[in-house]
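> Quick one: sequence and predicted model below, then my questions.
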Amino acid sequence: MQPNAPLPSILLVPGGGSSVRGYFPELDARLQGRVRMLEVDPPGLDVAAGRRWLRNADHARVLAKAVRQQEAAPVFLVGHSLGGLVALRLALDQPELVAGLLLLDPSPLMPAMLPAQLLRPIGRLRGKLRHMRPFASRATTPRRPRAARLAERLWWYLVLDGGALAADLCATGLRGLPTIVISAAEHGSDGVTRATHERIVSWIPGARLEIWPDTTHGLQVERPAAVAEAILSLVEQVRAEPSAA
């Protein structure tokens, strides 16, 4: 990193119904002075009740607005568990805001084993409809996002958001956005979670999968030093790309 270069901005996205505050322990101390850390909770978050907005897209829009307000774009997204899915949604919907993705054991709820032959045309159709949406919605008043408990959000994701996210990823490949997916060692090589992680990497050109030994789903707590190193590795990868071209 050059002495006068601006600090890269890192946006942290926690999983479940958790607040971002304290969710990634030791990161601030380990990365102090090397990156600009952004911590944003969606309005209406109720940690005690485990409530968060129902739609990943709603959460992603709040994060995008915060990034713009803080003039931090483009940012590196660090998402854990369900936060990894929000990070993917943000990168898909507003790619100009995202420089790279670090997904820490993302949730396995997308239909990882559906064939690409089915997912790609669905994703392309969604892309066309998305371009038409602003013209159809100008006269309507946006509704307040609905908050829901974790179980309801998981159900919604399984039925609707998961398939849409998988289709969009498969169709676009995130245009080769620099991406690192970390998979906990506790997942079996033939399990759904590992299959999801492998499929995400296969959809995004140049993405890489790392399996961290002796880790569980809470690897952001178990291995904070390794998470910090992974963040810096992703930043350096992106900074090195123009000179390598």
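Cool, the structure landed.

> drop to CA atoms for contacts and neighbour counts, all remaining ones
Fine.

> Return the residues in contact with the residue most central in space within the chain.
With distances taken as Cα atoms, centre = their mean, residue 87 lies nearest the centre of the chain, 2.0 Å away. Contacts of residue 87 were listed using Cα atoms under 8 Å, 6 or more residues apart in numbering, and they are 13, 60, 77, 78, 79, 101.

> Need the max-distance pair from those residues.
Farthest apart among the contacts of residue 87 by Cα to Cα are 60 and 101. That separation is 13.8 Å.

> In this structure, what helix or strand scores lowest on average pLDDT?
Least confident helix or strand, the chain: helix 116-137 with a mean of 50, by mean pLDDT, DSSP states H and E.

> Can you pull out the low-pLDDT segments for the protein?
Residue ranges of the chain with pLDDT under 70: 1-4, 54, 109-144, 158, 242-245.

> picking up where we left off before, most neighbours of all the contacts of residue 87, which one?
In terms of neighbours by other Cα atoms under 10 Å, the contacts of residue 87 top out with residue 13 at 30 neighbours.

> Pretty sure it sits against residue 75.
No: judged on Cα atoms under 8 Å, residue 13 makes no contact with residue 75 at a distance of 12.0 Å.

> follow-up on the earlier one: in a markdown table, list the contacts of residue 87 along with secondary structure and distance to residue 229.
Below are these laid out as a markdown table (DSSP: H, G, I helix; E, B strand; the rest coil; distance: Cα to Cα, whole Å):
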| residue | secondary structure | distance to residue 229 |
| --- | --- | --- |
| 13 | strand | 17 |
| 60 | helix | 25 |
| 77 | strand | 14 |
| 78 | strand | 12 |
| 79 | strand | 15 |
| 101 | strand | 14 |
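
> and residue 48, that's in a helix?
No: applying DSSP: H, G, I helix; E, B strand; the rest coil, one finds residue 48 to be coil, outside a helix.

> could you pull out the strands for this structure?
In the chain, the strands defined using DSSP state E lie at 9-13, 36-39, 51-53, 75-80, 98-104, 147-149, 179-184, 208-212.

> Need those strands in TSV (columns: distance to residue 219).
What follows is the strands of the chain, written out as TSV (distance: least, Cα to Cα, whole Å):
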stretch	distance to residue 219
strand 9-13	14
strand 36-39	19
strand 51-53	22
strand 75-80	9
strand 98-104	8
strand 147-149	24
strand 179-184	7
strand 208-212	9
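
> for those strands, which one sits closest to residue 45?
strand 51-53 (5.3 Å).

> For the closest one, which outside residues touch it?
By Cα under 8 Å, 6+ apart, strand 51-53 touches 16-17, 42, 44-46, 59, 145-150, 153.

> List buried residues within those.
16, 17, 42, 45, 46, 59, 147, 148, 149, 150, 153 (16 or more other Cα atoms under 10 Å).

> which one of those is nearest residue 27?
For these, the minimum distance to residue 27 (Cα to Cα) is 19.2 Å, reached by residue 16.
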